[in-house]
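# okay, predicted coordinates and the sequence, questions at the end:
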Amino acid sequence: MRALILRRPGLPGWLSEMLRYQGPNRLAIQMLAWHETLYYHAIATAVYAEAVGRALGYTGEELEQLTQAAFFHDCGKITWPSALVSKARLNNDDRKLVNAHPIAGEYYLREYWPDVPDTVCRIVREHHERADGDGYPNGLKDGQIHPLSVIVAAVEVFTALTEHRPYRDRSFTRAEALAELERQGFPGKVVRVLAGIKEMAVGRVVGK
């Protein structure tokens, strides 16, 4: 099963290196086993987050932790029933599961990867927090949210909007997704960097 992740076609080389440790690789396998959309969304989010981080001047350990957290940001979803993948309308019980996945993700990271950096766990826990306090799970506001969490949050929304989802008629165009990021109040510098990335192709980011 280890080779399933490490040698999967299209996996970026840096991601293969990141998953070389048994714990992170086992968690990645669980993500793929739960649903392919979760796994490929994780790759897309990590690729874009790495590109955005580099463009904003992050290097070394900070860039590595940003990328790690971007890949594992939704790992808490492996607790969900698979029916939630395509469910168009969520009831109150569904919403409770959804709102708990950042916390579940931190628990899974610490279980599978005992020496996971605290910053990676914090980003995973905060990737649905919003500057206006309207996010979850803790309703944090601007200034309380880690700057790397903000990047992952913006990139995650962008990738989710532009990917296919069975519960909506069509994906957002890139322009529509960028406009939605602006509407939601994400930092202009992050939106501008994403706007400058032309496309993602087989595990790499292609510039204009």
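Structure's in. What do you need?

# from His41, how far off is the residue lying closest to Leu19 once chain neighbours are set aside?
Excluding the flanking residues, the one nearest Leu19 by Cβ to Cβ, 6 or more residues apart in numbering is Asn25, at 4.5 Å. Where you see a C-beta, it was placed from the backbone N, CA and C, and this is true even at glycine. Going from Asn25 to His41 by Cβ to Cβ, to the nearest Å gives 18 Å.

# enumerate every residue touching Val152.
Contact analysis of Val152 by Cβ atoms under 8 Å, 6 or more residues apart in numbering lists 45, 49, 66, 69-70, 73, 123, 127.

# what sits up against whichever strand or helix holds the residue nearest to Leu19?
Asn25 belongs to helix 22-34 when assigned by DSSP states H and E. By Cβ under 8 Å, 6+ apart, the residues outside helix 22-34 that reach it are 1-2, 4-6, 18-19, 38-39, 42, 68, 71-72, 74-75, 77-78, 80, 82, 108-109, 112-114, 116.

# buried members of the residues you listed into PyMOL, please.
Typed into PyMOL, the line below selects the buried ones among those, using 16 or more other Cβ atoms under 10 Å:
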select buried, resi 5+18+19+38+39+42+68+71+72+74+75+77+78+80+108+109+112+113+116
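
# and for the closest residue to Val98 other than its chain neighbours, the neighbour number?
Nearest non-adjacent residue to Val98, counting by Cβ to Cβ, 6+ apart: Leu90, 6.5 Å away. For Leu90, the neighbour count with other Cβ atoms under 10 Å is 13.

# would you list the phi and psi of Leu90?
Main-chain dihedrals, Leu90, degrees, to the nearest 10: phi -100, psi 130.

# all strands for this protein, in order.
197-201, 204-207 (DSSP state E).

# which of those strands has the lowest average pLDDT?
Ranked by mean pLDDT, the strands of the chain end with strand 204-207 at the bottom, a mean of 38.

# isn't Val150 up against Gly185?
No: applying Cβ atoms under 8 Å as the test, Val150 and Gly185 come out as separate, 10.4 Å apart.

# intersection of neighbour lists for these two?
Residues within reach of Val150 and of Gly185 at once, by Cβ under 8 Å, 6+ apart, are Ala131.

# between these two, which has more neighbouring residues?
More crowded of Val150 and Gly185, by other Cβ under 10 Å: Val150, with 20 against 13.
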